[in-house]
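In: pasting the sequence and the predicted coordinates here, then a few questions.
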Amino acid sequence: QVQLQESGGGSVQAGGSLRVSCTVSRSWGSTYTLAWFRQAPGKGLEWVSSIYTDGGSTYYADSVKGRFTISKDNAKNTLYLQMNSLKPEDTAVYYCAAADGTRVGYNYWGQGTQVTVSS
């Protein structure tokens, strides 16, 4: 069983930066997809960004492109999301997720970390 644990959320003013981290309980395989999702108050789950462990290709939602950067540290089994130029609409609970390719969708999810951006 793979466990994911987010950290690094908090409160920041608009225009500021935060980095959230996700520690994975064991080394991820070469075919994993790692991702960040978020859920704003009263809204559904929104995909934010993904990275492939094989090759490191990255993908971003249009709403965060150019402001957020996803990265991973294989040695530390840690996924990151660097968030710059934050806006109040980025306020949400941020979740990391992992897909090991054995089924459609993401198999494993963290418990979430709150990010609050004030205007």
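Out: Looks like it arrived, so ask away. None of these values were measured; they are calculated from a predicted model. Numbers count the residues shown, from 1 in each chain.
In: quick one: the residue positioned nearest the centre of the chain from residue 119, how far?
Out: Centroid check for the chain by CA atoms, centre = their mean gives residue 36 as the closest residue, at 2.6 Å. Going from residue 36 to residue 119 by CB to CB, to the nearest Å gives 23 Å. For glycine as for every other residue, the C-beta is placed from the backbone atoms N, C-alpha and C.
In: same check on residue 98?
Out: Taking CB to CB as the measure, residue 98 falls 33 Å from residue 119.
In: more neighbours, these two?
Out: residue 98 (22 against 9; other CB atoms under 10 Å).
In: once you drop chain neighbours, what's closest to the more buried one?
Out: residue 108 (4.4 Å; CB to CB, 6 or more residues apart in numbering).
In: can you pull the contacts of that neighbour?
Out: Residues near residue 108 by CB atoms under 8 Å, 6 or more residues apart in numbering: 2, 3, 4, 97, 98, 99, 100.
In: ok so, going back, the residue nearest to the centre of the chain contacts residue 98, correct?
Out: No - under the criterion of CB atoms under 8 Å, residue 36 is not in contact with residue 98, lying 10.9 Å apart.
In: return the backbone torsion pair for the closest residue to residue 85 other than its chain neighbours.
Out: Once flanking residues are discounted, residue 85 sits nearest to residue 67: 4.6 Å by CB to CB, 6+ apart. Backbone torsions for residue 67, taken as degrees, to the nearest 10, come to phi -110, psi -30.
In: where in this protein is pLDDT low?
Out: For the chain, not a single residue meets the criterion pLDDT under 70.
In: residue 84 touches residue 67, doesn't it?
Out: Yes - applying CB under 8 Å, one finds residue 84 in contact with residue 67, separated by 5.3 Å.
In: return the alpha-carbon coordinates of stretch 69-81 using CSV.
Out: Output in CSV follows, covering the C-alpha atoms of stretch 69-81 (Å, rounded to 0.1, in the frame of the first residue of the first chain):
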residue,chain,number,x,y,z
THR,A,69,5.7,24.4,-11.2
ILE,A,70,5.5,20.7,-10.5
SER,A,71,8.7,18.7,-9.7
LYS,A,72,9.8,15.6,-8.0
ASP,A,73,12.8,14.4,-6.0
ASN,A,74,13.3,10.7,-6.7
ALA,A,75,15.8,10.2,-3.9
LYS,A,76,13.4,11.7,-1.4
ASN,A,77,10.3,10.1,-2.8
THR,A,78,8.8,13.6,-2.7
LEU,A,79,6.6,15.6,-5.1
TYR,A,80,6.4,19.3,-5.0
LEU,A,81,4.2,22.1,-6.3
